[in-house]
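K.L.:
Next comes the sequence, and after it the predicted model I'd like to discuss.
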Amino acid sequence: MPPRRPEEWFDDDRFWIVTYPFMFPPERFERTAGEMSGLLKLAKPRGKAVLDLCCGPGRCSVELAKRGFRVTGVDRTRFLLTKAKARARAAKAKIEWVESDMRDFVRPGAFDLAISTFTSFGYFDDKDEDRRVLRNILDSLKPGGVFVVEVMGKERLASVFKPTTSQPLPGGGWLVERHEIFDGWSRIRNEWILIRSGRTETFRFHHTVYSGQELKGRMEAAGFADVRLFGSLAGGEYGVNAERLVAVGKRP
Ligand SMILES: C[S@@+](CC[C@H](N)C(=O)[O-])C[C@H]1O[C@@H](n2cnc3c(N)ncnc32)[C@H](O)[C@@H]1O
């Protein structure tokens, strides 16, 4: 049995349900094939067993399964797993779906490749729990297995940071976002205010932001070897123009 833990923001299913249309618009799914081509070039997995940790609606899982990989998609949010299953059915892709918290999922020596995409890492208040997730991933890889993690890096965030932004929502209304950096530039606190038909709904969430070197250091401390950094899944340099932070490491 997984341990009982205090509720955190990501345990609020309504957050994932309400934000789904703009977090996962059709364009995000359309980009996925190109992203997975880039990811596979960076990772060069030796075998076909893939762990998609925090797989959400199965964007990457389904694309990798279509390319002949045996994918296990793990996520805590049943609503998103239901979307993932429907997507896999439509693509005639056979995928194993596991409803689990990333702190609990570990399957020793099972995978050639593990992925964590679209800022699905760094969610926990207790940084030891991020460390534990990295250990779970390392243990779940075969020796020589590769882990690819893709997040918004701290360097990028610092260069584009605005305390308040707004954007129109698909289907009408507005999303107003407020952002605050705290804990000595290690965390970001976000408030998303959805304004639709004259009504507002507010969600608050926070997570750790890693610089390239911090993420590399955490991965090395967890036991990953040959950790390399990139500025996108296409493999660009993690330099001033990097839009994303991608780290690739191996289980020795
Ligand atoms: C931004 S989405 C990314 C989804 C997917 N990786 C992608 O690239 O489309 C973050 C995902 O993390 C999942 N998640 C959040 N906290 C989690 C936890 N503690 N354990 C497992 N999954 C979690 C959410 O349900 C959601 O699917």
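P.N.:
Everything's here; your move. Bear in mind the structure is a predicted one, so any value in this text is a computation, not a measurement. Residues are numbered from 1 along each chain as shown.

K.L.:
any idea which residue of the protein is furthest from its center?
P.N.:
In terms of distance from the mean C-alpha position of the chain, residue 198 ranks first, at 32.2 Å (C-alpha atoms, centre = their mean).

K.L.:
and that one, what pLDDT?
P.N.:
In this prediction, residue 198 carries a pLDDT score of 89.

K.L.:
Please tell me how far it sits from the ligand.
P.N.:
Applying C-beta to the nearest ligand atom, to the nearest Å, the value for residue 198 to the ligand is 28 Å. Heads up, the C-betas are built off the backbone N, CA and C, glycines and all.

K.L.:
Tell me which residue in the chain sits closest to the ligand.
P.N.:
Distances between the chain and the ligand by C-beta to the nearest ligand atom are smallest at residue 56, namely 2.8 Å.

K.L.:
What is the neighbour count of that residue?
P.N.:
Counted with other C-beta atoms under 10 Å, residues neighbouring residue 56 total 24.

K.L.:
Contacts only, for the closest residue to it other than its chain neighbours.
P.N.:
In space, and not counting its chain neighbours, residue 56 is closest to residue 80: 4.7 Å by C-beta to C-beta, 6 or more residues apart in numbering. Residue 80 makes contacts with 16, 20, 55, 56, 57, as judged by C-beta atoms under 8 Å, 6 or more residues apart in numbering.

K.L.:
what does the protein have sitting close to the ligand?
P.N.:
10, 16, 54-56, 59-60, 75-77, 80, 101-102, 117-120, 123 (C-beta under 6 Å from any ligand atom).

K.L.:
Could you verify that the residue nearest to residue 56 is part of a strand?
P.N.:
No: assessed with DSSP: H, G, I helix; E, B strand; the rest coil, residue 80 is helix; it does not lie in a strand.

K.L.:
Local confidence estimate at it?
P.N.:
On pLDDT, residue 80 comes in at 98.

K.L.:
Over to residue 6?
P.N.:
Predicted confidence (pLDDT) at residue 6: the value is 87.
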